[in-house]
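> Predicted structure and sequence below. I'll ask about it afterward.
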Amino acid sequence: MEQVSDHSSARMGLATIGVVFASACFGFVPVFARTLTDAGMAPHAVAFYRYVLAVSVMLPLVWRWRAQWRVLIWGAGAGAMMGVGWVSFVRAVEVVPVSTAGVIYMTYPVFTLLFSWLLFREVPKPRSVLAALVIVAAAALVTTPSAVDPEHIPALLMSLGAPAGFGVGIAVLVHRMVRVPPFVRIGTVSSGSVLGLLPLILTTETAALFPADGAGWLMVLGIGFVSALIPQLIYTISSPIVGTARTAMAGSIELPVMFAIGWFFYGEALQPVHAVALALVVGAILITPTRRARSVAATLRK
């Protein structure tokens with residue numbers, strides 16, 4: 001009996017490390033995105049490359065589940081909104097501090113509650129509403145005139161498309177996609193993102209679609225594998241083992257990783273307001289009611 005308990009503890013610990021590692025990888029998105037856009041690549045092309053590698057791996061699995069076409073359509077539609085919304089995040093990190101853009105992205109639980117209510121009539125619980133208000137307060141702190149140049153406010157407002165798209169994705173996952181396996185969900189959503197971005201890709205000049213040199217192609221591989229496919233797989237495997245509450249806490253490392261990246265790579269000064277915002281986001285995660293059966297983060301990540 002003791003051996004079984006030790007085995008379970010070791011399995012839980014390893015899975016927790018997996019969630020932490022995957023979330024840290026997600027936090028490196030701005031490095032790849034800003035490097036590619038600074039080199040002249042269109043933001044929607046950056047988003048396209050992030051999703052297309054996952055599609056190439058997962059599409060055969062999606063095809064095997066084509067009998068569930070209604071479910072797949074829901075997932076693809078949500079993925080299209082996520083892909084287009086993520087473009088706004090790439091545009092934002094071109095001009096605003098990475099730490100600020102990161103806090104704005106962490107508002108996705110607010111949109112999850114909103115779209116779950118509007119689309120599926122799921123009435124949010126009081127603790128969820130309180131947590132959402134706390135996250136809104138954190139976002140408001142880092143977008144004051146003293147923290148962000150007023151000229152960059154429009155880019156920040158546009159970047160809300162990214163957490164809004166992710167919020168839609170979570171709502172659809174919870175309410176419509178439980179009939180298909182986790183990897184099929186990833187493949188379906190990623191396919192929808194690629195399809196949603198395709199019109200923008202087809203109307204963009206060739207020079208803005210491809211990296212200019214070998215270093216650029218390494219960045220493309222990095223954003224596809226290091227910040228998307230590999231951590232998605234690890235997250236999908238680890239999160240159900242860990243459970244919703246611990247997944248949320250371990251996953252919150254993504255935000256301080258973004259803070260560190262902004263400081264280390266781009267010389268962004270970290271202000272006390274960022275520490276307060278981080279504490280508010282973690283606090284919101286702690287007070288959010290959790291249900292193991294609906295660990296949305298387990299099978300759908302940025």
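Okay, I see it. Residues are numbered from 1 along each chain as shown.

> Report the helix or strand with the lowest average pLDDT across the protein.
Ranked by mean pLDDT, DSSP states H and E, the helix or strand of the chain with the weakest confidence is helix 244-251, at a mean of 66.

> Now tell me what touches the next helix or strand after that helix from outside.
Sequence-wise, the next helix or strand downstream of helix 244-251 (DSSP states H and E) is helix 254-266. Outside helix 254-266, the residues within contact range by Cβ atoms under 8 Å, 6 or more residues apart in numbering are 23-24, 26-28, 30-31, 34, 97-99, 101-103, 106, 268-270, 274, 278, 281. The way it works is simple: take the backbone N, C-alpha and C, and place the C-beta from them, glycine included.

> Could you pick out which of the residues you listed are located in strands?
Taking DSSP state E, every one of the contacts of helix 254-266 sits outside strands.

> From these, list the buried ones, please.
23-24, 26-28, 30-31, 34, 97-99, 101-103, 106, 268, 274, 278, 281 (16 or more other Cβ atoms under 10 Å).

> In the chain, where is pLDDT below threshold?
Applying pLDDT under 70 to the chain picks out residues 1-7, 146-147, 243-249, 289-302.

> rerun that using 80 as the cut-off
For the chain, applying pLDDT under 80 flags the ranges 1-12, 143-149, 174, 236, 239-252, 285-302.

> Would you map the helices across the stretch 151-300 of the chain?
Along the stretch 151-300 of the chain, counting by DSSP state H, counting those that start in this stretch, helices occupy 153-158, 161-176, 182-202, 214-221, 230-242, 244-251, 254-266, 272-287.

> mind listing which of the buried ones among the contacts of helix 254-266 are in helices?
Of the buried ones among the contacts of helix 254-266, the ones assigned to helices by DSSP state H are 23-24, 26-27, 30-31, 34, 98-99, 101-103, 274, 278, 281.

> of all the residues you listed, which comes closest to Trp217?
Val31 (15.6 Å; Cβ to Cβ).

> how about the closest one, what does it touch?
Val31 neighbours (Cβ under 8 Å, 6+ apart): Ile261, Phe265.

> Against Ile104, how distant is it?
Separation of Val31 from Ile104 (Cβ to Cβ, to the nearest Å): 18 Å.

> on that earlier part again, farthest pair in the ones in helices among the buried ones among the contacts of helix 254-266?
Longest span within those, Cβ to Cβ: Arg34 and Val281, 22.0 Å.

> next SSE after the helix or strand containing Val55?
With secondary structure defined by DSSP H and E, Val55 is part of helix 43-64. Downstream of helix 43-64, the first helix or strand assigned by DSSP H and E is helix 69-95.
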